[in-house]
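S.K.: Sequence first, predicted coordinates after that:
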Amino acid sequence: MTYYGQAPATKLFISHDWEYHEHYEGVVALLNNATNFCWDDLSVPRDKPLAMLFALPKSNRTIVYQLDERMRQADCALILAGVYSTNSAWIQSEIEAAQEFRKPILGIRPRGQERVSAIVQGSATEMVYWNSATLQSLHAGC
């Protein structure tokens with residue numbers, strides 16, 4: 001929600017692997033603690049999965065369409081750049097959607113990891129470190 005005199009909320013899509021949900025939750029906490037930064041979360045957290053078609057339980061088409069819609073609305077895509085991202089078909093699909101919709105991609109280096117996903121690093125508009133200072137400046141990068 002935007003209030004009079006306040007900049008509109010930055011719409012962020014945070015791409016992440018559900019098996020590493022603590023990385024997503026850590027980024028959300030940093031964003032929520034940032035001062036003077038209003039944002040909307042267009043991500044798909046583990047506890048709120050997208051709806052699937054019951055008639056086609058093995059089809060991913062509905063999920064891909066919903067992810068595309070969220071990415072289309074986003075101002076920016078944040079991609080967690082752990083090496084696990086290299087092998088995730090969903091993260092790859094989200095990177096492709098960000099590129100298709102011409103959204104800036106900020107790759108976030110997970111805290112304490114020296115190695116990052118080459119796919120994320122090669123796709124990112126910019127790589128940032130996992131800390132409040134770099135995430136607070138997102139409105140400039142998005």
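M.R.: Happy to help now that I have it.
S.K.: I figured residue 77 was touching residue 100, is that so?
M.R.: No. Residue 77 is not in contact with residue 100 according to CB atoms under 8 Å; the separation is 11.1 Å. From N, CA and C alone the C-beta is placed, and that goes for glycine too.
S.K.: between those two, who's got more neighbours?
M.R.: For residue 77 versus residue 100, the count of surrounding residues by other CB atoms under 10 Å is larger for residue 77: 28 against 11.
S.K.: Show me what the helix or strand hosting that one is packed up against.
M.R.: Per DSSP states H and E: residue 77 is located in strand 76-80. The contact analysis (3 or more CB pairs under 8 Å, 6 or more residues apart in numbering; DSSP states H and E) places strand 76-80 against strand 10-15, helix 21-33, helix 89-100, strand 105-109, helix 118-123, helix 138-141.
S.K.: least trustworthy helix or strand in this structure by mean pLDDT?
M.R.: One helix or strand of the chain scores below all others by mean pLDDT, DSSP states H and E: helix 138-141, with a mean of 54.
S.K.: Pass me the low-pLDDT residue ranges in the chain, would you?
M.R.: 1-7, 17-18, 20, 45-59, 83-87, 132-142 (pLDDT under 70).
S.K.: In contact with residue 42, which residues are there?
M.R.: 11, 12, 13, 70, 71, 73, 74 (CB atoms under 8 Å, 6 or more residues apart in numbering).
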